[in-house]
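*Asks:* what shape does this take:
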Amino acid sequence: MRNGKRGAYIMYDQLTPSDIKKMEEEIEHRKLVVRPQALEDVKEARAQGDLSENFEYYAAKKFKNQNESRIRYLERMIKTARVISEDSAEDEVGINNTVTVEFVDDASVETYKIVTTVRGNSLENLISNESPLGKALLGKKAGESAYVRVNESIGYEVKIIKIENTIDDGSDKIRSF
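*Replies:* Numbers count the residues shown, from 1 in each chain. Next comes the predicted model:
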């Protein structure tokens, strides 16, 4: 979608209602707990005198600014989000489902949980629904194969071995920026 500026496009993140709830909880915590403490830390560091060599003052100020930046980031994510459902058919891959796949090329087997982009973390096998693998798996059933297109000339095939309908228990953290 164009935002009125020449050549600029707005990207809408796909978020689930539980993503938004978790982000709103973080915003509230940052506003009611972290912000007052950060302001107090800046005030105490400033009271120590000469600001030109006051490391504590600059560290406190930096932390306060990072907190405010995170609040703005989360608020913007919520404001521009496209809300998607966490529901999927019992036998189909959907958001928050854990999927075991076999990579056809080398017969290796991996298990992934399909999550939204704000929770994606490949080191913990949390795969975004907007990643090539996530897109290829969504809507597929156990026993089916999916072609994962990495780019115009590269791709690979995976076979879905098992789908577990898992729920969002809140343990998948919202990524920081």
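
*Asks:* so how far is the strand ranked longest in the chain from its chain's centroid?
*Replies:* Identified as the longest strand of the chain according to DSSP state E is strand 155-164. With C-alpha atoms, centre = their mean, to the nearest Å as the basis, strand 155-164 stands 22 Å off its chain's centre.

*Asks:* adjacent strands (with direction) for it?
*Replies:* strand 98-103 (antiparallel), strand 145-149 (antiparallel) (DSSP bridges).

*Asks:* what comes up buried for the longest one?
*Replies:* Using 16 or more other C-beta atoms under 10 Å as the test for burial, strand 98-103 gives 99, 101-102. Any C-beta I mention is one placed from the backbone N, CA and C, and that applies to glycine too.

*Asks:* closest to V93 among these?
*Replies:* The closest of these to V93 turns out to be V99 (C-beta to C-beta; 5.4 Å).

*Asks:* what about the residue nearest the centre of the chain, distance to V101?
*Replies:* The residue lying closest to the centre of the chain (C-alpha atoms, centre = their mean) is V118, at 1.2 Å. According to C-beta to C-beta, to the nearest Å, V118 and V101 sit 23 Å apart.

*Asks:* kindly report the same for D168.
*Replies:* 21 Å.

*Asks:* ok, now E53?
*Replies:* Using C-beta to C-beta, E53 is found at 56 Å from V101.
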